[in-house]
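Student: Predicted model and sequence below, questions to follow.
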Number of protein chains: 2
Amino acid sequence: MATSNAPKSPEFTPQTNNGLQLVDLGIDTQQEHFVFLKADSPIVVSEGFETLTRIRVHYQNRTIVATLSVIQGDLIAEGQVGLSENACKTLKVKSGAVLRLSHLPPLSSLGLVRSKINGNKLSEGDFMQIINDIEKGRYSGLHIASFITACYGDNLDIEEMTSLTKSMVATGAKLDWGKPIVVDKHCVGGLPGNRTTPIVVALVAAAGLTIPKTSSRAITSPAGTADTMETMAPVNLTLDQIREVIEKEGGCISWGSAAGLSPVDERIIKVERALDIDSEGQMIASILSKKVAVGSTHVVVDIPVGPTAKVRTEEKAQRLKYKLNVIGNAIGLEVKVLITDGTQPIGQGIGPALEARDVLAVLQNKPRAPKDLRTKSTLLAGTIFEAAGICVVGKGQLMAEDMLSGGKAWDKFKAICQAQGGMKEPTKAPYQHQVLAPYPGIISSIDNRKLAKVAKLAGAPYDAAAGIEIFEKIGAHVEQGGTLFTIHSESSGELKYALKYVNSDPNIITIS
Amino acid sequence: MATSNAPKSPEFTPQTNNGLQLVDLGIDTQQEHFVFLKADSPIVVSEGFETLTRIRVHYQNRTIVATLSVIQGDLIAEGQVGLSENACKTLKVKSGAVLRLSHLPPLSSLGLVRSKINGNKLSEGDFMQIINDIEKGRYSGLHIASFITACYGDNLDIEEMTSLTKSMVATGAKLDWGKPIVVDKHCVGGLPGNRTTPIVVALVAAAGLTIPKTSSRAITSPAGTADTMETMAPVNLTLDQIREVIEKEGGCISWGSAAGLSPVDERIIKVERALDIDSEGQMIASILSKKVAVGSTHVVVDIPVGPTAKVRTEEKAQRLKYKLNVIGNAIGLEVKVLITDGTQPIGQGIGPALEARDVLAVLQNKPRAPKDLRTKSTLLAGTIFEAAGICVVGKGQLMAEDMLSGGKAWDKFKAICQAQGGMKEPTKAPYQHQVLAPYPGIISSIDNRKLAKVAKLAGAPYDAAAGIEIFEKIGAHVEQGGTLFTIHSESSGELKYALKYVNSDPNIITIS
């Protein structure tokens, strides 16, 4: 421990400050840039570098910060340097380019993170500095993990959450649609099958409003909205493509990451997922800043509450609602929060294609269309109508119901799919297996998480047609040998795999 | 955010659970293991893996946990898998071995880390679980960063620091010398030139005591004890070599990492350095657990205090002293703390070889030997004598002084160097430059950190002979044009580089 903290000099010694030739290694390290150097190269030896050192990499007038990984053996030759895939993209360089390296000066914003860890309150300017350094790629994953940890739980008060949100807004993009009202919706998640977005977007766009909806893919769930939508139309829209679709149809349902509107948010979320930490302050900043980035002015947020949903108690939902309203207000966003029933799945399908079939059934007014999905979608769309002032308060859901029944939402949905690149039919899985009730009784509870797990074991979301269909919900009477749910799978192996889990756990659906 | 937290299944689907052949890429990722897979391989596609996913890798009956990095292009072929250098070593595999992969079940100890972040107190059992998971390689760097952040500042009380220390002790090695008393010393650091260890070890071993001293290399300082010692004798001793040297001579001065006694501690320290976070609890656990690992029973800890040292106030030093005593006691270690003057460097040399020359001058009783280094070394050795009970209290330093003057320490030092692989002469730098006083006056302060920076710019510690020599200390009168310090460098470029910094900052040595 006999060390001093003398700052590193900004430049290398003159002897080692020569150009190095880039070789393409094809290594993906995601948002954290990596630079690869030969272990016995003069620059590594004379600068005393080791793996994990942070270094600046220069090409022409562009600079990135990268984490060093030292290479033994022949992957990299003397005088060469490797960069991770994203680093090449960011620096706009290809194999053969000559790069220069320099030391990274100490980051003063890390002192602010330490101050937060010590329990001090950070100002808006402090958060701006931190988020700006993250945006510039100056934080390694370790630094971001430390920042997230410092902001976890009750460590941020509402003023700090507001500052964090404002700085996320300030560093991100901000689309401008030249309209006074641009609407949006968001669900905090955790409820399988809750695929209202395609229906809500179709309704809202059909009503003449602008709704540039970006959605995520599944990370730990059997399907994200982007996965479900992708079984019906392309979702990897660039910013220009989103603009085209919105100008033509007023609404879109695209995969948010493809447009790259909120790189800081994506980086933070990746680390949060790795840590399995879900900080309320970060979540609010993430939701609201993304809405500002796409140019929204009015947002309806759905918070499903239930013992196996993401938000587990009414009290927690109310606290979250309060914060979303206050912080939304501070950044000029009208936020309307709906606290909804999260005790059981919505719709019948769980998994990309199966959820898409529910969506299509509702849009097409089919008799088999799940009522809960229909009702929830018209409630959300109606709330948006009221927030946007295109109908009187209390009449929104009725207006949405009429538009749905009259086929306007279905027409608009087809047009949006066409504008996104063409509509297609969700696929069907070749393997199916019915899980039966072992004895008769009333369904008293459904475990969202365990049901999601069955769908994932069956192959969702990577096998788009895989998942489950559940027909009976809480309160329904089932006979002995009646179908509780059907497992869909694209291979017999995965089907067996899902069944093995179902047979091992009797508490997925409780009958009493 | 429409995700659920359904746990991943422990095994892959049967289709993708086949063996993959190992290729050696030579990529060093230090203690965090990495596994490399082709982006379009069936396992990546069907399991939906992305970079940063944590995966278990199996070979025969051995298993490690590794972080995934996805490879585009031809570095890895279909059916192949890559592992980082340390991962290969830990799994004991070579190119061509057939490996199996499986999902990592969720780590329950991460819940304890979240609980700590939320401000709850952790028990000894909790810390045991966390440290055990880190030892087994189950934490990524991100997880460790989060754990360190949670334990930072005042977040751990003394009971928790004790629990942390105990769990570090429990997971590490513990050497047994078959003796009732084994002594050790430690300095919390931050003071350039403070190279007492070689002298203290020689004195203590010459007195017949056992002192298996392990030291660190420089990270941000111009020299660590291991760097300085290496200019005189080999220091990369394995555990067996340490045993041989101790059995023969009673003392050694080796590089701690080479013996691999405290892998958890080394991993935590690496992340702490990357974060530039120095948690008191972690530091105490690190110091004391390492002493237990080498089998010490009595430890003298040197805490230099000064405005540019690591510990900046007497009050902080007293707090640290109290904790070291209480926690040492709890783990059966007798800890004696000395709070010393840290206002200016000790000795004349700063840099590996220059510090070694000071050490040799003291051991050889040369007239030019720095008095402060001599006095501090005999104080530390004398304190150890008293703690070990081989002399009456109050007479330790005198005893050490006698042994030093009589040449016993010098004889023992030569014998230790011989036992470690042979003694050699520290080298001299070909380029030297004297930095002169711009006007006459009294030296009123010396900035340890800036002085260390000059030594580093001159090439230390990687150029062993580089660094500085400082002849006058605080209180000395200097003439205009008198020498303040001499810069030593192995190349003219580095010398210029160091001089450029010296000329840019007039406050390295203050004359008033």
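Tutor: Looks like it arrived, so ask away.
Student: Distance check, the nearest residue to A:Phe147 once chain neighbours are set aside against B:Cys88.
Tutor: In space, not counting the residues next to it along the chain, A:Phe147 is nearest to A:Val113; the distance is 5.1 Å by Cβ to Cβ, 6 or more residues apart in numbering or on different chains. Every C-beta, even on glycine, is put in place using the N, C-alpha and C of the backbone. When Cβ to Cβ, to the nearest Å is the yardstick, A:Val113 and B:Cys88 sit 35 Å from each other.
Student: which of these two has more neighbours?
Tutor: Applying other Cβ atoms under 10 Å in any protein chain shown to A:Val113 and B:Cys88 shows that A:Val113 carries more neighbours, namely 29 against 21.
Student: Was I right to think that one contacts A:Asp133?
Tutor: No. Using Cβ atoms under 8 Å, A:Val113 is not in contact with A:Asp133; the gap is 9.7 Å.
Student: picking that back up, before we move on, which element is the residue nearest to A:Phe147 in?
Tutor: Using DSSP states H and E, A:Val113 sits in helix A:109-117.
Student: Give me the nearest residue to the residue nearest in space to the middle of chain A, chain neighbours excluded.
Tutor: With distances taken as Cα atoms, centre = their mean, A:Ser216 lies nearest the centre of chain A, 4.0 Å away. In this structure, A:Ser216 finds its nearest non-sequential neighbour in A:Gly224, 4.8 Å apart by Cβ to Cβ, 6+ apart.
Student: Just give me the neighbour total for the one you found.
Tutor: Using other Cβ under 10 Å as the criterion, A:Gly224 is surrounded by 25 other residues.
Student: Quick check: A:Leu379 touching A:Leu338?
Tutor: Yes. A:Leu379 lies in contact with A:Leu338 (Cβ under 8 Å); the separation is 7.0 Å.
Student: Comparing the two, which residue is more hemmed in?
Tutor: For A:Leu379 versus A:Leu338, neighbours defined as other Cβ under 10 Å are more numerous around A:Leu379 (20 against 17).
Student: a helix runs through the more buried one, doesn't it?
Tutor: Yes. With DSSP: H, G, I helix; E, B strand; the rest coil as the criterion, A:Leu379 is assigned to a helix.
Student: Name the SS class of the closest residue to it other than its chain neighbours, please.
Tutor: Using Cβ to Cβ, 6+ apart and skipping residues adjacent in sequence, the residue nearest A:Leu379 is A:Gln397, 5.3 Å away. Look at A:Gln397: counting by three-state DSSP, its state is helix.
Student: For A:Gln397, grab the count of nearby residues.
Tutor: Counted with other Cβ under 10 Å, residues neighbouring A:Gln397 total 19.
Student: residues touching it, list them.
Tutor: A:Thr378, A:Leu379, A:Ala381, A:Gly382, A:Thr383 (Cβ atoms under 8 Å, 6 or more residues apart in numbering or on different chains).
Student: Give me every residue in the stretch 351-500 of chain A that's in contact range of chain B.
Tutor: The stretch 351-500 of chain A comes close to chain B at residues A:448-450, A:452-453, A:456-457, A:459, A:461-463, A:491, A:493-494, A:496-497, as judged by Cβ under 8 Å from any Cβ of the partner chain.
Student: Which residue ranges make up each domain of chain A?
Tutor: Per automatic domain parsing, the structural domains of chain A span A:14-103, A:183-259+A:287-420, A:431-511.
Student: tell me how far the ends of the last one are from each other?
Tutor: The first and last residues of domain A:431-511 sit 26 Å apart, counting by Cα to Cα, to the nearest Å.
Student: what's the answer for the longest one, then?
Tutor: With Cα to Cα as the measure, the ends of domain A:183-259+A:287-420 fall 19 Å from one another.
Student: The closest residue to chain B within the stretch 301-450 of chain A: which element?
Tutor: With Cβ to the nearest Cβ as the measure, the residue in the stretch 301-450 of chain A that lies nearest chain B is A:Arg449; the distance is 4.8 Å. Element membership for A:Arg449 (DSSP H and E) is helix A:448-457.
Student: which helices and strands does that helix pack with?
Tutor: Contact analysis of helix A:448-457 by 3 or more Cβ pairs under 8 Å, 6 or more residues apart in numbering or on different chains; DSSP states H and E lists strand A:349-350, strand A:467-470, strand A:483-489, helix A:492-504 as its packing neighbours.
Student: among the ones you listed, which is the most enclosed?
Tutor: Most buried of the helices and strands packed on helix A:448-457 by mean neighbour count (mean count of other Cβ atoms under 10 Å in any protein chain shown) is strand A:349-350; its value is a mean of 33.
Student: what does that one rub up against?
Tutor: Contacts of strand A:349-350 with the rest of the structure, by Cβ under 8 Å, 6+ apart, involve A:192-193, A:222-223, A:355-358, A:451-452, A:455, A:460, A:467-470.
Student: So what's the gap between stretch A:465-473 and the chain middle?
Tutor: Relative to the mean C-alpha coordinate of its chain, stretch A:465-473 is positioned 24 Å out (Cα atoms, centre = their mean, to the nearest Å).
Student: got the CA coordinates for that stretch in CSV?
Tutor: Output in CSV follows, covering the C-alpha atoms of stretch A:465-473 (Å, rounded to 0.1, in the frame of the first residue of the first chain):
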residue,chain,number,x,y,z
ALA,A,465,-43.4,-18.5,-31.9
ALA,A,466,-42.5,-20.1,-28.6
GLY,A,467,-44.2,-19.2,-25.3
ILE,A,468,-47.5,-20.1,-23.6
GLU,A,469,-51.2,-19.5,-24.0
ILE,A,470,-53.2,-19.1,-20.8
PHE,A,471,-57.0,-19.2,-21.1
GLU,A,472,-58.3,-19.1,-17.6
LYS,A,473,-57.6,-16.4,-15.1
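Student: In CSV, list the contacts of A:Gln397 along with pLDDT and distance to A:Glu78.
Tutor: Written out in CSV, the entries for the contacts of A:Gln397 read as follows (pLDDT from 0 to 100; distance: Cβ to Cβ, whole Å):
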residue, pLDDT, distance to A:Glu78
A:Thr378, 98, 67
A:Leu379, 98, 66
A:Ala381, 98, 64
A:Gly382, 98, 68
A:Thr383, 98, 64
